[in-house]
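A.B. asks: Show me how the following folds:
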Amino acid sequence: MARQVTLKDVAKEANVSVATVSYIINNREDQKISDATRKKVLQIANLLGYTPNPVAKSLATGRKDLVGIVYRLRDDTPSRNLEIFHFIDLLAKRLNRENCECILLPADVTDITLKRVDSVITLGLLAEEFAALADDCFVPILAVDMLISNTWLFSQIYQDLPALMADRAEGTLLVAEPYGNEKYDAFVKSLFPADALLTPAQCTPERVRGRPLMILGAPLALVAGPVSGSPHITVIASDPTAAFLPPEYRVVRADVREKAEVTAQYVLDALNGKFDAPHDRRV
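C.D. replies: As a prediction, this is how the structure comes out:
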């Protein structure tokens, strides 16, 4: 079993005293420490996988682990927004059962609050938003339904869409809303030919022309309403609104509960100093 990283290890790598590391890790504001030193120590602690003893931390701070869930909702993706909150609901309940508290943080109001969290889960952030957050936040960060560049340091978890979409008829059109994260949107689009991708607004009888449809998200299928001109409609569903779909629709259920469980376990392992899980995980 790997030896647990200590304050002394972090101090040695950062070339500062153990006391200085302790002041920074415990967010002591009564000590004069430069921003450069503070940032250097936190970066090294994160890279080494240092984590405070959870029992000692609880006794010292009198609080549970705090997990920040940073998300972005879009005005042009109402259906995807519903799916995000369904996932957050499952995730928060799971973490709460493990003695963690969750705080929801819209992507543009995170600056002050992120300094108090012990781990961060991100949803739907642009690449530049994630990069800015990662540059200023020195706790374990997990990206969900996002693809990020630096998976050597952070982890990403996302739905196994290729498997969910594998059983489809030739000539099927995909109707989907953007996810927000550029690389993940590109990944989704890569699963279908370019001329088989439709936005919700493009889902008209003139564009469908009798071809099968695959709709990514039950809320989107409900918002779109009956689509004339398609002989067969498949819906990739990840939330309870699938129960309201027309009975003639074929429903393929994405296991969002498992995705929440896997995400929670990644966070719990990180909080306990375990970083040996794959950094790229499809669920």
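
A.B. asks: contacts, neighbours, all on C-alpha from now
C.D. replies: Fine.

A.B. asks: which residues in this structure form strands?
C.D. replies: 65-71, 100-106, 119-123, 141-144, 155-158, 173-175, 197-198, 213-216, 233-237, 250-253, 280-282 (DSSP state E).

A.B. asks: For the last one, buried residues please.
C.D. replies: Judged by neighbour count using 16 or more other C-alpha atoms under 10 Å, the buried positions of strand 280-282 are Arg281.

A.B. asks: can you tell me which residues contact the closest residue to Pro278 other than its chain neighbours?
C.D. replies: Nearest residue to Pro278, sequence neighbours excluded (C-alpha to C-alpha, 6 or more residues apart in numbering): Ser155, at 7.6 Å. Contacts here follow C-alpha atoms under 8 Å, 6 or more residues apart in numbering; on that basis Ser155 touches 141-143, 278-281.

A.B. asks: Could you save these as TSV and add columns showing pLDDT?
C.D. replies: TSV is the format used below for these (pLDDT from 0 to 100):
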residue	pLDDT
Ile141	91
Leu142	94
Ala143	96
Pro278	89
His279	90
Asp280	93
Arg281	95
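
A.B. asks: In PyMOL, how would I select just the buried ones from those?
C.D. replies: Applying 16+ other C-alpha under 10 Å to those leaves a buried subset, and the PyMOL line that selects it is:
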select buried, resi 141+142+143+279+281
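
A.B. asks: domain assignment for the chain?
C.D. replies: 7-50, 63-159+257-282, 161-253 (automatic domain parsing).

A.B. asks: tell me, how many neighbours does Ser190 end up with?
C.D. replies: Number of residues near Ser190 (other C-alpha atoms under 10 Å) recorded here: 12.

A.B. asks: Same question for Leu222.
C.D. replies: Leu222: 16 surrounding residues under other C-alpha under 10 Å.

A.B. asks: give the contact list for the residue nearest to it when sequence neighbours are not counted.
C.D. replies: Ranked by C-alpha to C-alpha, 6+ apart and with sequence neighbours excluded, the top spatial neighbour of Leu222 is Leu245, at 6.6 Å. Taking C-alpha under 8 Å, 6+ apart as the criterion, Leu245 is in contact with 218, 221-222.

A.B. asks: From Thr77, how far off is Leu245?
C.D. replies: 19 Å (C-alpha to C-alpha, to the nearest Å).

A.B. asks: now swap in Val21 and tell me
C.D. replies: Taking C-alpha to C-alpha, one finds Val21 at 44 Å from Thr77.

A.B. asks: do the same with Asp276
C.D. replies: Taken as C-alpha to C-alpha, the span from Asp276 to Thr77 is 35 Å.

A.B. asks: Walking through the stretch 51-200 of the chain, point out its helices one by one.
C.D. replies: For the stretch 51-200 of the chain, helices defined by DSSP state H, counting those that start in this stretch occupy the ranges 54-61, 78-97, 127-136, 161-164, 182-189.

A.B. asks: Could you tell me how many residues sit around Thr77?
C.D. replies: For Thr77, the neighbour count with other C-alpha under 10 Å is 16.

A.B. asks: What sits closest to it if chain neighbours are left out?
C.D. replies: Spatial nearest neighbour of Thr77, chain neighbours left out: Glu177 (5.9 Å); criterion: C-alpha to C-alpha, 6+ apart.

A.B. asks: in the sheet, who's paired with the residue nearest to the spatial centre of the chain?
C.D. replies: By C-alpha atoms, centre = their mean, the chain has its centre lying nearest to Val144, at 2.1 Å. As for beta bridges, Val144 partners with Leu123, Ile157 under DSSP bridges.

A.B. asks: Verify the contact between it and Ile157 for me.
C.D. replies: Yes - under the contact definition of C-alpha atoms under 8 Å, Val144 touches Ile157, with a separation of 4.9 Å.

A.B. asks: joint contacts of the two?
C.D. replies: Joint contacts of Val144 and Ile157 (C-alpha under 8 Å, 6+ apart) are Thr263.

A.B. asks: Find the least confident helix or strand in this protein, judged by mean pLDDT.
C.D. replies: Least confident helix or strand, the chain: helix 54-61 with a mean of 46, by mean pLDDT, DSSP states H and E.

A.B. asks: Brilliant, that's me finished.
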